[in-house]
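[1] What follows is a predicted protein model with its sequence.
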Amino acid sequence: MTEAAVLSRAGLDELVAALIADGYRVIGPTRRDDAIVLAELDSGAQLPSGWGVDSAPGRYRLRRRADEAVFGHSAGSQSWKEFLHPPQQLLWSADGDGFTPARPEPVRYAFLGVRACDLAAIATLGVVLGGGAHPDGGFARRREGLFVVAAGCTEPGGVCFCASMGTGPRPGPGYDLALTERIDADGHRFVVEVGSAAGERVLSGLTHRGATGAEVEEARGAVEAAAAHMGRQMPAVDLRQLLADSRESPLWEIVADRCLTCGNCTMVCPTCFCTTTRDDTDLTGEHAQRSQHWASCFEVDFSYLHGGSVRVSGASRYRQWITHKLSTWHDQFGSSGCVGCGRCIAWCPVGIDITAEATRLAELREAGEAGEDESGEQS
Amino acid sequence: MSSPEQLGGFPVFDRLTVAQRALVAEVAREVTFTAGTRLFDEGQPASGCWLIRAGQVALETAVPGRGQVVVHTLGQGDVLGWSWLVPPHRWHFSATATGAVRAVQLETTRLLVLADADPALGYPLALGFFEILLGRLQSTRSRLLDLYGSPRER
Amino acid sequence: MSADALGEPMLPVPYRVTARREESRDCVTLRLEPCDVALPPFAAGQFTMLCRPGIGEIAVSVSGDPSARDGSLTHTIRDVGAVSRALCRAQPGAVIGARGPYGTSWGLDTAVARDLVIVAGGVGLAPVRPILLGALAARDAYRRIMLVAGARSPAELLFREQLGEWATLPGVSVGLTIDQPAADWDGAVGFVTEPLARLTLEPRQTVAFVCGPEPMIRFSASVLLGKGVAAGDIRVSLERNMKCGVGLCGHCQLGPLLVCRDGPVVDYARAQSLLDVREL
């Protein structure tokens, strides 16, 4: 494996230019409309230098940093699923007897600045959309052509809890290059670790120098230290079992009083993958097509069956979402669906916090068991 | 008279002791009906209870404009006739054998005397009838749900 | 190349309607034959995603003979919405898009040498018809075959002629019952659990197959459990909203199950606790 390297701030701009020259569409964070927005980059100058994020339940604000860090912010409302699993796509068109798949031009994306949580989310989506008996070919093609530049987090955001989900803050496997940004008396630079042959090839074309062992250790240490500064965490229980035990928990009615079933959480969650289809025809009726759109289990019609929906109450829909995310995802796909990015907490208009709800569920379960042990007493 | 063993095929007597079953057997006898026989008429004083061994009995009522409407059919293993247990002791529906029917007929007047005299017999007997009535109510409620109806109709 | 091999699991294969039969006021059976390439063979209990191009797509269980293997598909569809109505109205010659076979099967091959108890309610008779066709085609492999079917009225009882034929076969019993009184009916009147309760079973020798509205499934399963049939020997067919049928859209979840992949046929030992939870 190639040794770690150090890129300067200018070297990062070189990286962007090299990827573009290689035919990649480089997607990275930018500042737009008072938020960090993932967009196509023409150059590294478009990165949000010196911008950080204040996030809390139901709150997201940009703030000016004292330095010019380009990765000094936590996740915005979008995630990389927008590019791998587009919000809208045409599936096929039909004329006469035949159905023709819509085969868009293959796109080669380079993702710049993928956090550990988001890297785990891409892998999770990979299992759902690519690992079953009927893989989504479009997703598979997009992911196959992907070049990933991960970014280790040294400053966890206000809503982050990747450490307690076991997905970060250090990026796991799946990157071509991983950068850890360092700004100090020695200047603005990036410690680069190589994760693949493609990463090695790209790195070799950039102006760089080898990193010393101490530099690598310091960078890793800074990321590891972030794990101790998370703003929140999941309760230390088996979450899968907790949700399975909580189908009749009194919590659902309590949350339902606040939850607007707006579905924001499902839109911003990097692993929510549900879609719906729409069949259309032109006026003559001779040409038809089907398109696929993001959907949310919070929609009332999501579970429509026999003239009505199975999950009508807000309580049942919230229960569905959190239970799927933390528990039944294991049964269906072999892992948790949550990566601890915290987006659902920041982007919930009423500030519902998935970690707080899980904690409350654990408390209620314990109280319920205690109540059963005391014969004759209601808890 | 039936024998206690012959009553064993009907769960309504499951809670009775062997001795109690022998008592009931004294007021029971095997009967047969030919197709079309009217077992009892709606509105008449209710006396008699039949445990059906084979065949089908239709419970019906007259609805002007619709004629005789069969609201329920009973078959093998079913208990026919409850109205003798409680006031007004009158049949609520008419019962007709739709084919040949074999049944155990209970002389309910004598059965009531036995049950009144000995609550230790009366109670398990009443529970047995209650259990069957409960099942009958549940299936009737299931029919009310109109489960097979189309969403278009709602 | 199959749709899956192309990585296009959502791409339908064109089929043409070659026969259409009105079964009742709102149910139609369509026989479909491939325009070109046929889908893989189906097992009883599985379903197809059927579409009328431009209108939409729904999941429909096969209602035909799984051993026929002539590439044709038979489906009985009830008109309950825009897509099912369009499918019911499809005339011979119309092109229907088909994707499948999907889902778990009734598993007839694991019920050999046992008594088969088939309980159907309403249009639930259609997905169990392949069980009867399959079992009768290999009659000696099974012991008694007992069908109990309920419908709202005689006019809504599907496949009546065929049911009448089956009732005459040795070792086959057919118990039909209707929910609502009807003038032109001298058969049983009562909920489907009533003729089911009257069956004399050897519970350890029995495999039960239940299909119909969910409350009917719960009530029938309760009767079967009361008769000593093991929950693992009661197989039920579940339904949920499906947009893809291939485990990609998330719609058909019932707790930990994806009904398109872990169902529609699920044994009651697994299904019972899920069906008992409101709005799951």
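    Right, received. Where do you want to start?

[2] Report the closest residue of chain C relative to chain B.
    Nearest residue of chain C to chain B: residue C:122, at 3.4 Å (CB to the nearest CB). C-beta here means a position set from N, CA and C on the backbone, and glycine is covered the same way.

[3] Tally up the residues packed near the residue nearest to that residue when sequence neighbours are not counted, please.
    In this structure, residue C:122 finds its nearest non-sequential neighbour in residue B:148, 3.4 Å apart by CB to CB, 6 or more residues apart in numbering or on different chains. Using other CB atoms under 10 Å in any protein chain shown, residue B:148 has 24 neighbouring residues.

[4] Spit out the contact partners of residue B:148.
    Counting by CB atoms under 8 Å, 6 or more residues apart in numbering or on different chains, residue B:148 touches C:121-123, C:150-152, C:156, C:179, C:212-213.

[5] same question, residue A:224
    A:169-170.

[6] Just the CA trace of the host helix or strand of it, in CSV.
    Per DSSP states H and E, residue A:224 falls inside helix A:213-226. Extracted in CSV, the C-alpha atoms of helix A:213-226 (Å, rounded to 0.1, in the frame of the first residue of the first chain):
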residue,chain,number,x,y,z
GLY,A,213,4.8,8.9,10.5
ALA,A,214,4.2,11.6,13.1
GLU,A,215,2.1,13.5,10.7
VAL,A,216,-0.1,10.5,9.9
GLU,A,217,-0.4,9.7,13.6
GLU,A,218,-1.3,13.3,14.5
ALA,A,219,-3.9,13.4,11.8
ARG,A,220,-5.4,10.1,12.9
GLY,A,221,-5.3,11.2,16.5
ALA,A,222,-7.2,14.3,15.7
VAL,A,223,-10.0,12.2,14.0
GLU,A,224,-10.1,9.7,16.8
ALA,A,225,-10.3,12.5,19.4
ALA,A,226,-13.4,13.7,17.6
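
[7] Residue C:236 belongs to a strand?
    Yes - Residue C:236: assigned to a strand according to DSSP: H, G, I helix; E, B strand; the rest coil.

[8] What about it, how many residues nearby?
    When neighbours are counted by other CB under 10 Å, residue C:236 registers 25.

[9] wait, isn't it in contact with residue C:271?
    Yes - counting by CB atoms under 8 Å, residue C:271 is a contact partner of residue C:236 at 5.5 Å.

[10] so how far is whatever helix or strand residue C:117 lives in from its chain's centroid?
    Assigned by DSSP H and E, residue C:117 falls within strand C:115-121. How far strand C:115-121 lies from its chain's middle: 11 Å, per CA atoms, centre = their mean, to the nearest Å.

[11] Equivalent analysis for stretch B:50-69, please.
    For stretch B:50-69, the separation from the chain centroid amounts to 12 Å (computed by CA atoms, centre = their mean).

[12] now the contacts of residue B:148 in TSV, with pLDDT?
    Shown next, in TSV, are the contacts of residue B:148 (pLDDT from 0 to 100):
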residue	pLDDT
C:121	97
C:122	97
C:123	97
C:150	98
C:151	98
C:152	97
C:156	97
C:179	97
C:212	98
C:213	96
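
[13] between those residues, which has the most around it?
    Compared across these, residue C:150 has the highest neighbour count, 32 neighbours, by other CB under 10 Å.

[14] hang on, that one in a helix?
    No - counting by three-state DSSP, residue C:150 is not part of a helix but strand.

[15] got the contact list for the nearest residue to it once chain neighbours are set aside?
    Nearest residue to residue C:150 in three dimensions, chain neighbours excluded: residue C:192, at 3.0 Å (CB to CB, 6+ apart). The contact partners of residue C:192, by CB under 8 Å, 6+ apart, come to C:119-121, C:148-150, C:177, C:212, C:216, C:220.

[16] hmm, try it at 7 Å
    C:119, C:121, C:148-150, C:177, C:216, C:220 (CB atoms under 7 Å, 6 or more residues apart in numbering or on different chains).

[17] Up against chain A, what does chain B have?
    By CB under 7 Å from any CB of the partner chain, the residues of chain B that approach chain A are B:151, B:154.

[18] The stretch 51-200 of chain C now?
    By CB under 7 Å from any CB, the part of the stretch 51-200 of chain C that sits against chain A consists of C:51, C:53-57, C:80, C:95, C:97.

[19] These: which two are farthest apart?
    Spatial extent of those (CB to CB) is set by the pair C:80 and C:95 at 22.3 Å.

[20] how about low-confidence regions in the stretch 1-150 of chain C?
    C:1-3, C:5 (pLDDT under 70).

[21] Would you confirm that residue A:333 contacts residue A:128?
    Yes - Residue A:333 is in contact with residue A:128 according to CB atoms under 7 Å; the separation is 5.5 Å.

[22] Pick out whichever of these two has more residues nearby.
    Legend: neighbour count by other CB under 10 Å for residue A:333 and residue A:128, higher for residue A:128 (24 against 19).

[23] and that one, that one's in a helix?
    Yes - according to three-state DSSP, residue A:128 belongs to a helix.

[24] Quick check: nearest residue in space to residue 9, chain neighbours excluded?
    Looking at chain A here, since you left the chain open. Nearest residue to residue A:9, sequence neighbours excluded (CB to CB, 6+ apart): residue A:188, at 4.5 Å.

[25] The chain in question should be chain C.
    residue A:134 (3.8 Å).

[26] Same question for residue A:179.
    Closest to residue A:179 by CB to CB, 6+ apart is residue A:190, at 4.3 Å.

[27] Show me what the one you found bridges to in the sheet.
    Residue A:190 forms beta bridges with residue A:7, residue A:181, as assigned by DSSP bridges.

[28] Any idea how many residues pack against it?
    Neighbour number of residue A:190 under other CB under 10 Å is 27.

[29] Please list all residues in contact with the nearest residue to residue A:205 once chain neighbours are set aside.
    Spatial nearest neighbour of residue A:205, chain neighbours left out: residue A:18 (5.5 Å); criterion: CB to CB, 6+ apart. Residue A:18 makes contact with A:202, A:205-206, according to CB under 7 Å, 6+ apart.

[30] Up against chain B, what does the stretch 51-200 of chain C have?
    Where the stretch 51-200 of chain C comes near chain B, counting by CB under 7 Å from any CB, the residues are C:80, C:121-122, C:151-152, C:156, C:179, C:181, C:183, C:186, C:188-191, C:193-194, C:198.

[31] Give me the subset of those lying in helices.
    C:193-194, C:198 (DSSP state H).

[32] Mark which of those residues are buried, thanks.
    C:193-194, C:198 (16 or more other CB atoms under 10 Å in any protein chain shown).

[33] For chain B, which residues are neighbours of chain C?
    B:56, B:66-67, B:69-73, B:75-77, B:98, B:139, B:142-143, B:145-152.
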